[in-house]
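Asker: Return a 3D structure for these sequence lines:
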Amino acid sequence: MRPFRHRLTALVALATVLVTAAPPTAASADDSPSRRAGYHRVGYFTQWGIYGRAFPVKKLDTSGAASRLTHVNYAFGNVSEDGRCYVDGAPGEGDAWADYQRPVPAEESVDGVADVWGEPLNGNFGQLAKLKAKHPGLKVMISLGGWSWSTYFSNAARTDASRRAFVASCIDLYLKGNLPVLDGGSGGPGAAAGVFDGIDLDWEWPNWPGEPGNVVRPEDRRNFTKLLAEFRRQLDAYGRKTRRHYPLTAFLPANPATMDAGYEGRRIFQYLDFATVQGYDFHGAWDAVTNQQSALRVPAGAPDTSDFSADVAIDGWIARGAPREKLVLGIPYYGRGWTGVTGGGNGLFQPAAGPAPATFEAGYEDYRRLRTLAGNGFTVHRDLRAGHAWLFDGTTFWTYDDPAVVLQKALYIRRSGLAGAMVWSLDGDDDKATLTKTISLGLATP
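Answerer: The predicted model follows:
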């Protein structure tokens, strides 16, 4: 731990200078740095990460990530066509095997004890329960929707009756833990009780195109607010019975046009404990030229006259009435890449032939693999003022966040008086949880 802290000392000093030297914006207008205790440090754990990425829940513990997080968001829970929370093992519908049926072997288990086939709570859910037992302050949230499973959110939110039924189904399934019984016996009434502490809504997006096939209606904008109100009402009612507070959070977009189309600005925050704001996917191989995917500020010379950045996204929400103390900035643990780059120079803002080859998806690569490219044919480039980094070997270009960029963002969060940081996704970090430790260091209180 000591060498890691020493390596970051210089980065702390550098990033402090960079953040304080930047011109003030709506988000950074506070003259005094925020010293508020209890920054949220939220990490998404992907259901499917246990497969190709070989990232079981145990790695959150052994890497040191769990002790530095306040919330783990489990991605994702699905929404049915008739507007209910449900678990289904059918391809494309869910993975109940990963969620709570799979017997986790001893070497992947948080406590070193192997699951037995047919226990009520195996799989990721069982391991999250063990992780919480080892880290009592950690909250686990079920995140509903995501890019692929937001198809029927509009149906669930459409009427008073549909909202009541949807919220009740989510509380029953995830908070009360009443899981469907699967072959072999896993699941049953109360099987997952205590695993989840609250609900995160990841509707992508109300009244705005997301994945092709999503149901989109103009009334989604007002219905999203009504859905939050119904969640808050039922969560509070259930909490009065259990004497607990159940957090309600939401993932919000970076695009100002999406903000206006789908959200009633200030009104939604009266129901939310906090909201996480998309701080990535500003650009990618869908663009014909290389660019940044997660810069803190819009770089000088950007080819788009109206461009995206983390600062633009945060400013956009503040301008629409969001309280800064409820905004959590999203940080990527992956990069976006292009290949066939021409034009020379450092590769930025240059024409490209298409997405760069990668491990799981062309044009998308985890930080833990990108970090190994530096010095191995690739050169690291930085725009310190804009707050972003990229790798370039003369042909292939990757825009990504490394520890220096992540630390700069953590200090921006402090200075801007924001609520904390969120990361997508935890399986993209290296085995030492370097990026998560960097966020924790940057948001540490004296």
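Asker: Wait, a strand at Ala261?
Answerer: No: with DSSP: H, G, I helix; E, B strand; the rest coil as the criterion, Ala261 is located in helix rather than a strand.
Asker: wait, it sits on Asn207?
Answerer: Yes: Ala261 lies in contact with Asn207 (CB atoms under 8 Å); the separation is 4.7 Å. The way it works is simple: take the backbone N, C-alpha and C, and place the C-beta from them, glycine included.
Asker: Return every residue with contacts to both of the two.
Answerer: Both Ala261 and Asn207 are in contact with Arg221, where contact means CB atoms under 8 Å, 6 or more residues apart in numbering.
Asker: contacting residues around the residue lying closest to Phe166 once chain neighbours are set aside?
Answerer: Ranked by CB to CB, 6 or more residues apart in numbering and with sequence neighbours excluded, the top spatial neighbour of Phe166 is Ala156, at 3.9 Å. Applying CB under 8 Å, 6+ apart to Ala156 gives the contacts 79, 83-84, 162-163, 166, 227.
Asker: Now with 10 Å, please.
Answerer: 79-85, 144-145, 162-163, 165-167, 169-170, 203, 215, 223, 227 (CB atoms under 10 Å, 6 or more residues apart in numbering).
Asker: Which helix runs longest in this protein?
Answerer: helix 220-242 (DSSP state H).
Asker: Which neighbouring elements make contact with it?
Answerer: Here helix 220-242 touches helix 153-156, helix 160-170, strand 198-203, strand 248-252, helix 256-262, going by 3 or more CB pairs under 10 Å, 6 or more residues apart in numbering; DSSP states H and E.
Asker: Please identify the buried residues of the last one?
Answerer: Read it as helix 256-262. 256, 258-259, 261-262 (16 or more other CB atoms under 10 Å).
Asker: related to what we said a few turns ago, could you export the helices and strands packed on helix 220-242 as a markdown table, including mean pLDDT and distance to Gln408?
Answerer: Formatted as a markdown table, these follow (pLDDT from 0 to 100; distance: least, CB to CB, whole Å):
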| stretch | mean pLDDT | distance to Gln408 |
| --- | --- | --- |
| helix 153-156 | 98 | 34 |
| helix 160-170 | 98 | 37 |
| strand 198-203 | 98 | 26 |
| strand 248-252 | 99 | 22 |
| helix 256-262 | 98 | 23 |
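Asker: do you know which of those lies nearest Ile268?
Answerer: Among the helices and strands packed on helix 220-242, the nearest to Ile268 by CB to CB is strand 248-252 (7.3 Å).
Asker: so how far is the first residue of stretch 103-122 from its last?
Answerer: This stretch, stretch 103-122, spans 6 Å end to end (CA to CA, to the nearest Å).
Asker: can you give me how far that stretch is from the chain middle?
Answerer: Its chain's C-alpha centre and that of stretch 103-122 lie 27 Å apart, by CA atoms, centre = their mean, to the nearest Å.
Asker: in that stretch, what's buried?
Answerer: So, applying 16+ other CB under 10 Å, buried residues of stretch 103-122: 103-104, 108-110, 115, 119-122.
Asker: likewise stretch 207-224?
Answerer: 207-208, 210, 214, 216, 220-221, 223-224.
Asker: So what touches it?
Answerer: Contacts for stretch 207-224 (CB under 10 Å, 6+ apart): 81, 145-159, 162-163, 201, 203-206, 226-227, 250, 253, 255, 257-264, 267-268.
Asker: What subset of those residues is buried?
Answerer: By 16+ other CB under 10 Å, those give 145-146, 149-158, 162-163, 201, 203-206, 226-227, 250, 253, 255, 258-259, 261-264, 268 as buried.
Asker: pull the CA atoms of stretch 186-195 into CSV?
Answerer: Output in CSV follows, covering the C-alpha atoms of stretch 186-195 (Å, rounded to 0.1, in the frame of the first residue of the first chain):
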residue,chain,number,x,y,z
SER,A,186,-32.4,-22.4,-5.6
GLY,A,187,-34.7,-19.4,-4.8
GLY,A,188,-37.9,-19.3,-2.8
PRO,A,189,-39.6,-16.9,-0.4
GLY,A,190,-37.1,-14.5,1.2
ALA,A,191,-34.1,-16.3,-0.4
ALA,A,192,-32.4,-13.0,-1.3
ALA,A,193,-33.7,-10.9,1.7
GLY,A,194,-30.9,-8.5,2.8
VAL,A,195,-28.8,-8.8,-0.3
